[in-house]
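Q: A structural model of the following input is requested.
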Amino acid sequence: MVGYQKSTATRGLAAQLELTYDTESHLLSCVNKLFTSVNLGALVSPLSTTTNEPRLSLLIELSDKAGALHSTLAPFAEYGVNITHIESRPIRRDSFNFYVDCEGVRGDRNIEAVLTALEEKQLNVLILDYKKVPWFPRQIVELDLIGDRILLAKSELDSDHPGFKDAKYRERRAQIDALARGFVHGQPIPMVKYSQEELGTWSKVFLNLHDLHRLYACPEYIRVFEVMEKECGYSENNIPQGRDVSAFLELRTGFRLRPVAGLLSQRDFLNGLAFRVFFCTQYVRHHSKPFYTPEPDVCHELIGHAPMLADPSFADLSQEIGLASLGASEPEIERLARCYWHSVEFGLIENHGQLKAYGAGLLSSYGELKKACSHNRTANDIEPNKALQPWNPSVAALQEYPVTDYQPVYFVADSVPDAMVRMREYCRHVPRPFHARYNPTTEQIWIDRAVVREPNRGD
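A: I've put the predicted structure just below:
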């Protein structure tokens, strides 16, 4: 998005809007201010619309003279047409192009009245085509369309998987996977009756990490984990049910769990986060290697991810990445996935001069948690281009990472809220075809521009 840019030739338009910022949100705020000042009411109201509202995109050329913008936007207020997005681009010293998205389509009485009024003003107006974007879910029920879209390469165990040659384990995995594949939005998460062998594996992981967390987990994790032990049944002898953990999270931050049978694509997984939905496996890693798993399992999800999803700043961080992924290009999805990996999975913070983990990949791995947060490493070791780097999403977005080995680089934020704020700022500047907001009341995604989703590749 190109924001409003001041120059010596913009005094007329800038004076009308009293612009001091270059972001769309401030431009919309100033447009509202302009209209309320003349008793026409707020023209731009993103939260008042629903995800299914049709959009019309206009390109309007304006001369930079006093009253030009006010005169141009007046018909929208007069005929009750909401503007959802507006941005400006200088085209000549004395002229601007204004890109305006509004609610409605050709043929609507009010839209036609606005277009007629603009024509009578002898303005140069062009109706733009809908922009095509990669398919993304617009409402939470559409997560049903991607929930079973497990990556083909991961729908079966790899030959180097600890359970590859264990027929009994493979059969058990298939049973639990079937529960996830049959899930649809609105249903309660299926209960899993875990075997003694599965409980034994969980117990080893739980006990192995429990004391280490007190040394190396961030304060937010420690506080909420103590609560979850009481309210969700976390213990060495019990694997909490996803249903109970999801209910707990929803009360705390609005996040909920959704069962999944395995790894999703980066796009599908991140899209779910936009709705504050975390795709969560329910199967247990193979008992022969309790401290290693080549893929996410219930130990990783419930010990690593779930407690942090109960923290408001961490939940916001996760959703920011998810919202930025909606309709994004493949290169942007890759960059967002790297940001997710280096924060939500392997992020560190500095706490009183010591390194503490908030990333789930660290919090669920005994060996890597010790490696990343060892007392031999302190916040004084943080340097650009070194193994410990200050949290900068722009840098993290370009940092490659191994999936099955220890990480060569860790990014360190000042705090969990700091990690969220920096990620939000990064997402504000991610090139994307529209800006999205999630409405938790309607469970739908509101977008500010006219777009057409490409066919869902699962159709």
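Q: so where is this protein shaky, pLDDT-wise?
A: 1-52, 152-156, 375-381, 384-385, 458-459 (pLDDT under 70).
Q: Which strands and helices lie in contact with the lengthiest helix in it?
A: Using DSSP state H to define each element, the chain has its longest helix at helix 196-216. Contacts of helix 196-216 with other secondary structure elements, assessed using 3 or more C-beta pairs under 8 Å, 6 or more residues apart in numbering; DSSP states H and E, are made with helix 219-231, helix 298-299, strand 354-357, helix 360-363, helix 366-373. C-beta here means a position set from N, CA and C on the backbone, and glycine is covered the same way.
Q: how about 6 Å then?
A: Using 3 or more C-beta pairs under 6 Å, 6 or more residues apart in numbering; DSSP states H and E as the contact criterion, the neighbours of helix 196-216 among helices and strands are helix 366-373.
Q: can you pull the buried residues of the very next helix or strand once past the helix it packs on?
A: Next along the chain after helix 366-373, taking DSSP states H and E as the criterion, comes strand 388-390. Using 16 or more other C-beta atoms under 10 Å as the test for burial, strand 388-390 gives 388-389.
Q: Check stretch 343-352 too.
A: By neighbour count on 16+ other C-beta under 10 Å, the buried set for stretch 343-352 is 343-351.
Q: For Ile146, state which of the residues you listed is nearest.
A: When the buried residues of stretch 343-352 are ranked by distance to Ile146 (C-beta to C-beta), Val344 comes first, at 19.0 Å.
Q: separation between Gln187 and Val141?
A: Look at Gln187 and Val141: by C-beta to C-beta, to the nearest Å, they are 12 Å apart.
Q: and if you look at Asn456?
A: Distance of Asn456 to Val141, given as C-beta to C-beta: 13 Å.
Q: Go ahead and confirm Thr84 touches Asp448.
A: Yes: when contacts are counted by C-beta atoms under 6 Å, Thr84 is listed as touching Asp448 (4.4 Å).
Q: Between these two, which has more neighbouring residues?
A: Set side by side, Thr84 and Asp448 give different neighbour counts by other C-beta atoms under 10 Å, the larger being at Thr84 (25 against 21).
Q: does that one count as helix, strand or coil?
A: Following DSSP: H, G, I helix; E, B strand; the rest coil, we place Thr84 in the strand state.
Q: gap between it and Asp101?
A: Counting by C-beta to C-beta, the gap between Thr84 and Asp101 amounts to 5 Å.
Q: Ok, Glu220 next?
A: Glu220 sits 38 Å away from Asp101, taking C-beta to C-beta as the criterion.
Q: Pick out the residue nearest the middle of the protein.
A: Most central in the chain under C-alpha atoms, centre = their mean is Gly322, positioned 1.7 Å from the mean C-alpha point.
Q: Chain neighbours aside, what residue packs nearest to that residue?
A: Spatially, and ignoring its direct neighbours in sequence, Gly322 is nearest to Leu273 (2.8 Å; C-beta to C-beta, 6 or more residues apart in numbering).
Q: Go ahead and measure how far the strand or helix carrying that neighbour is from the middle of the chain.
A: Of the helices and strands defined by DSSP H and E, Leu273 is found in helix 266-274. Here helix 266-274 is found 7 Å from its chain centre; the criterion is C-alpha atoms, centre = their mean, to the nearest Å.
Q: neighbouring contacts of the helix or strand just after it?
A: From helix 266-274 onward toward the C-terminus, using DSSP H and E, the following helix or strand is strand 277-280. The contact list for strand 277-280 (C-beta atoms under 6 Å, 6 or more residues apart in numbering) reads 242, 256-258, 260, 264, 269, 272, 301.
Q: Same check on stretch 284-293?
A: If you take C-beta under 6 Å, 6+ apart as the criterion, stretch 284-293 is touched by 162-163, 169, 197-198, 201, 204-205, 297-298, 366.
Q: and what of stretch 444-453?
A: 51, 55, 57, 84-85, 101, 130-133, 135, 138-139, 433-439.
Q: again with stretch 351-369
A: The set of residues that contact stretch 351-369 without belonging to it, under C-beta under 6 Å, 6+ apart, is 208-209, 212, 216-218, 291, 300, 303-305, 308, 345-349, 372-373, 378-379, 406, 416.
Q: these two touch, right, Pro307 and Tyr221?
A: Yes: contact criterion C-beta under 6 Å: Pro307 and Tyr221 qualify, at 5.3 Å.
Q: of those two, who's got more company?
A: For Pro307 and Tyr221, the more surrounded residue by other C-beta under 10 Å is Pro307, and the numbers stand at 30 against 24.
Q: quick one: the more buried one from Leu363, how far?
A: For Pro307, the distance to Leu363 (C-beta to C-beta) stands at 8 Å.
Q: What of Glu112?
A: Using C-beta to C-beta, Glu112 is found at 58 Å from Leu363.
Q: tell me the phi and psi of the residue of the chain most remote from its centre?
A: Relative to the C-alpha centroid of the chain, counting by C-alpha atoms, centre = their mean, Glu120 is the outermost residue, at 43.8 Å. For Glu120, the backbone dihedrals are phi -70, psi -20 (criterion: degrees, to the nearest 10).
Q: What are the buried residues along the longest helix of the chain?
A: Neighbour counts over helix 196-216 (16+ other C-beta under 10 Å) mark 198-199, 201-206, 209, 212-213, 216 as buried.
Q: Likewise for stretch 247-260?
A: Going by neighbour count (16+ other C-beta under 10 Å), the buried part of stretch 247-260 is 247-249, 252-260.
Q: Can you tell me which of these lies closest to Phe314?
A: Using C-beta to C-beta, Thr253 is the member of those that sits closest to Phe314, with 8.2 Å.
Q: Could you tell me how many residues sit around the closest residue to that closest one other than its chain neighbours?
A: The spatial neighbour of Thr253 that comes closest, neighbours along the chain excluded (C-beta to C-beta, 6+ apart), is Ala315 at 3.9 Å. The burial metric for Ala315, expressed as a neighbour count using other C-beta under 10 Å, is 21.
Q: what's the distance between the helix or strand hosting Ala315 and the middle of its chain?
A: Ala315 belongs to helix 312-325 when assigned by DSSP H and E. Centroid separation for helix 312-325 versus its chain: 4 Å, with C-alpha atoms, centre = their mean.
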